[in-house]
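In: sequence unavailable; structure follows:
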């Protein structure tokens, strides 16, 4: 498992960073697709994100079963991750959070649209998963494969799906991008609430200015997500 | 008293956790019913919650008198706790707080209703105790048995009662659940204010989706309140 | 000067507490009337409140001149304190702050009224000092005796006067009460803004329920301001 | 380079202070004009402001090229600084930030006007740079000399220019003043949003009361920016 160690270290750091920034509290979870076995993913046992250590990371299959049953309790909503990885070959990292400020956009019909450059992942639209409209759901929790599939159907090809009265799920091609999307989705939601209160027309981020043209630089060392990831690591270290 | 020690440790931690999360400042108090003598309860002497140590925990009877008069000053509002324990056999933990964001819901007619899953304890309704309508009250403080009874009459069978211009009182079957209810009541109030500002119809948590169906899991190790309690302990330790 | 030491220690702590709670940033100042020479007051040299040490405390007369000219720079707005002590024999402590959330109430006609019990000092009314209406003023700063007198005329018999586009001045019979009033004025302003956004009738604190009836207890050990002062001391110690 | 050391130390501190106050996160940058070679400026290599050390400070010319190519990655938006220094001889310090609360004023037509004395730098007006109206811009980033010139044309003679969906750029005669302007622009934006929500006429800072009359004192030791700078240094030290 040693070649996985850098990825596991990043996954542990991602848990701590999301907690430090208030995107998760005691709940929520982050995962990555296994780099060599695409029908597997890595996720912590059922503990609060801020307390996750490398030894807590488990390998699960796409039915949500642990590959090596170590007797650890599992997140009841691990099916969110499993079903995203099953349906979306472009996704290698998934975050389910209780990002607080997305709540107003999940319990009303006001769309969460991007007004800052860093939240360009929202430009294609942010659907809302409402468990009350899902016959199989007994409540907000996505705690079975069928509910995971219902959430993924709502997510469709987007990067973020809100979960009414609950939080959201954020997906990305890699873990650091997923963390950035989760943090800036929360930030954008906060700023959008402030902006909406002004009751004036809003100039949202336009599809034409979405970062596609800057893709090359986004993952270059010292630029884009790489630069801020180094800061986030500092914030949660020692 | 040694068999009480784990309960006392939890009560001390609860005080620190509520302070850490801003639900109490220098005022407010938490108590538990005595596990063997249901007509007694454990509560700190009159000091700020963030400063409570195990040696500050006193045993009081339901008239608010200390069983063993150690000469410590007592909270003038200890009658809140006494009268809840007298009237509600289902309650084993009580928190009185100055939870800031419940204030707007106590001084207006806007009801505090749940929009997040963690605040499902609000689903049956959140009454408001208005001391101006209580003939015996000289002000907002609930500092006598008769005022304690008036507050409990308003609380009725609910989990939370707001206290106009003052704060709230939260009750639960056990202490950790009471702490969770207090923290998520504050969180829900904050998110509801943000949501109300959007001036759009709101889909509140529906009684049908309240956590009853998940009850078994709520107190399972590593799930529900247990998971987040471990994080809260970490936050206030060392 | 040794009999003054406990008072000076409290004054230093008050500076740090106000900074810790965001009531002052790098500006603002706190003072106490000299306990034996009522025409003198104690205040720091011109440094940021969070950095004040006991050796920075100076004795000034009511013209704002240092009794013992140690060559230290002086706050240009020390005349606020001097003129309050000259006019108000009931006042023994003064705080001038840039309390952020009082600003909206100083630049509009919306009155700052109390909605929480701890802000009962606001019940008699909160006047606004507008420097543009003061012929001698060249700007918002109260940096001369004549401007100090204009501010005090606006303060009249109240506990708090807002200063448009600038902050406020808070007075009290003793220093700990002044700190509590300053902190809860900020808190009340924040909660009132949230409440006003609901656009519903508000039940403000009523004069009949103001703390007068509780006066005896307010300064009893372990109650009222004494209890929270001990917590505030902990927060700024070590 | 040793005579530059105090300036470099200030520049490093400015980066940390802006990060500590949330004006920058992982992005944004601060620079100073070279004191002896006005066609050069000092700015960090491409790393997050909170992580900048003295050894990261580079010297660039007004085309954005490093004088001594140490192979360090450069901020892609360094042209903001270069073009300001080229056009504005009165400016010796520039800050580009993602100051969060200016966003609502950049994506709507609501002007950012000063309501607090410390934000008097806004009194002449705060223009908005909208990259969608700049033919050469592919997106919000100001990552070429031509875009830097477009931003500077919008800035004109003012102290602050907002950048729609992105942040702002703040200029000043010296670095400490620039930091103060950046921090109080964020503070003023926050307080103005709260004030606008009251829906009442607002009395803004009047040109007649702008600090010009206090200019002498603003940079005196222990007064104005000097006083608060010492506190900011304390906050980011050790």
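Out: Looks like it came in fine. Please read all numbers here as calculations on a predicted model, not as lab measurements. Residues are numbered from 1 along each chain as shown, chains lettered A, B, ... in the order given.

In: ok, which residues in chain A are in contact with chain B?
Out: Proximity of chain A to chain B, by C-beta under 8 Å from any C-beta of the partner chain, involves residues A:25-27, A:45-48, A:50-51, A:73, A:76, A:98, A:100-101, A:103-104, A:107-110, A:130-132, A:137-141, A:164-166, A:193, A:196-197. Where you see a C-beta, it was placed from the backbone N, CA and C, and this is true even at glycine.

In: closest point of chain A to chain C, which residue?
Out: Minimum separation of chain A from chain C (C-beta to the nearest C-beta) falls at residue A:197, amounting to 8.2 Å.

In: now do the contacts for that residue.
Out: For residue A:197, the contact set (C-beta atoms under 8 Å, 6 or more residues apart in numbering or on different chains) comprises B:197, D:193, D:196, D:197.

In: what is the burial count for residue A:43?
Out: Counted with other C-beta atoms under 10 Å in any protein chain shown, the neighbours of residue A:43 add up to 27.

In: check the secondary structure at it for me.
Out: strand (DSSP: H, G, I helix; E, B strand; the rest coil).

In: give me phi/psi at whatever residue of chain A ends up closest to chain B?
Out: Per C-beta to the nearest C-beta, residue A:26 is where chain A lies closest to chain B, at 2.9 Å. Main-chain dihedrals, residue A:26, degrees, to the nearest 10: phi -90, psi -10.

In: all helices of chain A, in order?
Out: For chain A, the helices defined by DSSP state H cover A:5-20, A:78-87, A:103-106, A:145-155, A:175-196, A:215-218, A:224-236.

In: look at the spatially closest residue to residue A:5 that is not a sequence neighbour and report its pLDDT.
Out: Once flanking residues are discounted, residue A:5 sits nearest to residue A:54: 7.7 Å by C-beta to C-beta, 6 or more residues apart in numbering or on different chains. You'll see residue A:54 listed with a pLDDT of 97.

In: the one 3 residues further on now?
Out: With respect to pLDDT, residue A:57 has a value of 97.

In: cool, the one 4 residues further on as well?
Out: Residue A:61 carries a pLDDT score of 98 in this model.

In: list the contacts for it?
Out: Shown in contact with residue A:61 (C-beta under 8 Å, 6+ apart): A:39, A:40, A:67, A:82.

In: in JSON lines, list these along with distance to residue A:158 and pLDDT.
Out: Conversion of those to JSON lines gives the following (distance: C-beta to C-beta, whole Å; pLDDT from 0 to 100):
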{"residue": "A:39", "distance to residue A:158": "23", "pLDDT": "98"}
{"residue": "A:40", "distance to residue A:158": "24", "pLDDT": "98"}
{"residue": "A:67", "distance to residue A:158": "29", "pLDDT": "95"}
{"residue": "A:82", "distance to residue A:158": "19", "pLDDT": "98"}
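
In: give me the number of residues near the residue nearest to residue A:235 when sequence neighbours are not counted?
Out: Counting by C-beta to C-beta, 6+ apart, the nearest residue to residue A:235 once its immediate chain neighbours are dropped is residue A:20, at 5.6 Å. Counted with other C-beta under 10 Å, the neighbours of residue A:20 add up to 15.

In: correct me, but residue A:20 touches residue A:236?
Out: Yes. Using C-beta atoms under 8 Å, residue A:20 is in contact with residue A:236, at 5.3 Å.

In: ok so, going back, need the least confident one among the helices of chain A, by mean pLDDT.
Out: helix A:215-218 (a mean of 52).

In: pull out the buried residues from the residues of chain A next to chain B.
Out: Taking 16 or more other C-beta atoms under 10 Å in any protein chain shown as the criterion, what is buried in those is A:25-27, A:45-48, A:50-51, A:76, A:98, A:100-101, A:103-104, A:107-108, A:110, A:130-131, A:137-141, A:164-166, A:193, A:196-197.

In: what's the pLDDT at the residue of chain A most remote from its centre?
Out: The outermost residue of chain A, judged against the average C-alpha position, is residue A:200 (30.9 Å), by C-alpha atoms, centre = their mean. Looking at residue A:200, its pLDDT reads 98.

In: do the same with residue A:170
Out: Predicted confidence (pLDDT) at residue A:170: the value is 98.

In: could you give the bridge partners of it?
Out: When bridges are called by DSSP bridges, residue A:170 pairs up with residue A:95, residue A:160.

In: number of nearby residues for it?
Out: Neighbour count for residue A:170, taken as other C-beta under 10 Å: 31.

In: mind listing what it touches?
Out: Applying C-beta under 8 Å, 6+ apart, the residues near residue A:170 are A:94, A:95, A:96, A:97, A:121, A:159, A:160, A:178, A:181, A:182, A:185.

In: tell me which two of those residues sit farthest apart.
Out: A:96 and A:121 (15.8 Å; C-beta to C-beta).

In: higher neighbour count, the two?
Out: More crowded of residue A:96 and residue A:121, by other C-beta under 10 Å: residue A:96, with 28 against 24.

In: spit out the contact partners of that one.
Out: Shown in contact with residue A:96 (C-beta under 8 Å, 6+ apart): A:28, A:29, A:30, A:77, A:80, A:81, A:142, A:167, A:168, A:169, A:170.

In: how about the residues you listed, which pair is most distant?
Out: Farthest-apart pair in the contacts of residue A:96 is A:30 and A:142; separation 15.4 Å (C-beta to C-beta).

In: need the nearest residue in space to the residue in chain A that chain D sits nearest to, chain neighbours excluded.
Out: Distance from chain D to each residue of chain A (C-beta to the nearest C-beta) is smallest for residue A:228, at 2.9 Å. Spatial nearest neighbour of residue A:228, excluding adjacent residues (C-beta to C-beta, 6+ apart): residue D:26 at 2.9 Å.

In: hang on, that neighbour packs against residue D:48?
Out: Yes. Using C-beta under 8 Å, residue D:26 is in contact with residue D:48, at 4.2 Å.

In: shared neighbours, those two?
Out: If you check residue D:26 and residue D:48 against C-beta under 8 Å, 6+ apart, the residues they both contact are A:227, A:228, A:230, A:231.

In: between those, which is closest to residue A:210?
Out: The shortest approach to residue A:210 among these belongs to residue A:228, at 18.5 Å (C-beta to C-beta).

In: residues in contact with the closest one?
Out: By C-beta under 8 Å, 6+ apart, the residues touching residue A:228 are A:180, D:25, D:26, D:27, D:48.

In: could you measure it against residue C:12, distance?
Out: Using C-beta to C-beta, to the nearest Å, residue A:228 is found at 39 Å from residue C:12.

In: do the same with residue A:170
Out: Taking C-beta to C-beta, one finds residue A:170 at 48 Å from residue C:12.

In: near chain D, which residues of chain A? Just list them.
Out: When proximity is defined as C-beta under 8 Å from any C-beta, chain A approaches chain D at A:114-118, A:187, A:190-191, A:194-195, A:197-198, A:200-206, A:208-211, A:213-214, A:217, A:220-223, A:227-232, A:234.
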